[in-house]
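In: Please work out how this folds:
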Amino acid sequence: MTSRIALAGAFLARQPLKLLLAFVVVSLLAGERFPLSHYPMYANPGPNTWYVYVTDGNDQPIALRKSFSVTTPALKKLYATRLQGLPPDQAGKAVLAFIVDTGTIRSAPLPTTLRLWRVDLAIAQQDITSQRHVVADYHLR
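Out: This is a model prediction of the structure:
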């Protein structure tokens, strides 16, 4: 059995360009079909999306990962999850309280006020519009 594997490995080592060509042809024929495409969700993006970020009381952005060990995509997921059961302002306060209480605070001192912003993006024809608004303020003790 081991000799068969060794022979197959030696054969494949002598045929790298043929294998690459075969893979390219199969991929092109298959198109955007799982499991040959790892990112089908980027093939047809929707016309609307949104993101959130955190600022201090003076509206200066805060580096979340550096300050609380939380990434911006994780912040969006936390907020989206809490939006399912709470109004936006309460969900925002809950998220800010969560990152303060559970995050590893790396930078000191923290501002006295944290502000969660939501930015809504829309694509219409060739234009991208954005609207930002404050979701919640959280005052640190």
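In: Now do the helices in this structure.
Out: For the chain, the helices defined by DSSP state H cover 2-14, 16-30, 64-68, 72-83, 88-102.
In: Compile these into JSON lines and extend it with columns for mean neighbour count.
Out: Backbone N, C-alpha and C define where each C-beta goes, glycine included. Output for these, formatted as JSON lines (neighbours: other Cβ atoms under 10 Å):
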{"stretch": "helix 2-14", "mean neighbour count": "9"}
{"stretch": "helix 16-30", "mean neighbour count": "10"}
{"stretch": "helix 64-68", "mean neighbour count": "17"}
{"stretch": "helix 72-83", "mean neighbour count": "16"}
{"stretch": "helix 88-102", "mean neighbour count": "18"}
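In: Select, out of the ones you listed, the one closest to Asp127.
Out: helix 72-83 (23.5 Å; Cβ to Cβ).
In: any residues touching that closest one, and which ones?
Out: Outside helix 72-83, the residues that touch it by Cβ atoms under 8 Å, 6 or more residues apart in numbering are 50-54, 64, 70, 90-92, 94-95, 98-99, 116, 118, 135.
In: Please repeat the previous calculation with a cut-off of 6 Å.
Out: Tyr51, Val52, Leu64, Ala91, Ala94, Val95 (Cβ atoms under 6 Å, 6 or more residues apart in numbering).
In: For the last one, give its distance to Asp89.
Out: The spacing between Val95 and Asp89, counted by Cβ to Cβ, to the nearest Å, is 11 Å.
In: nearest to Ala122, of the helices of the chain?
Out: Short answer: helix 72-83, nearest of the helices of the chain by Cβ to Cβ, at 17.0 Å.
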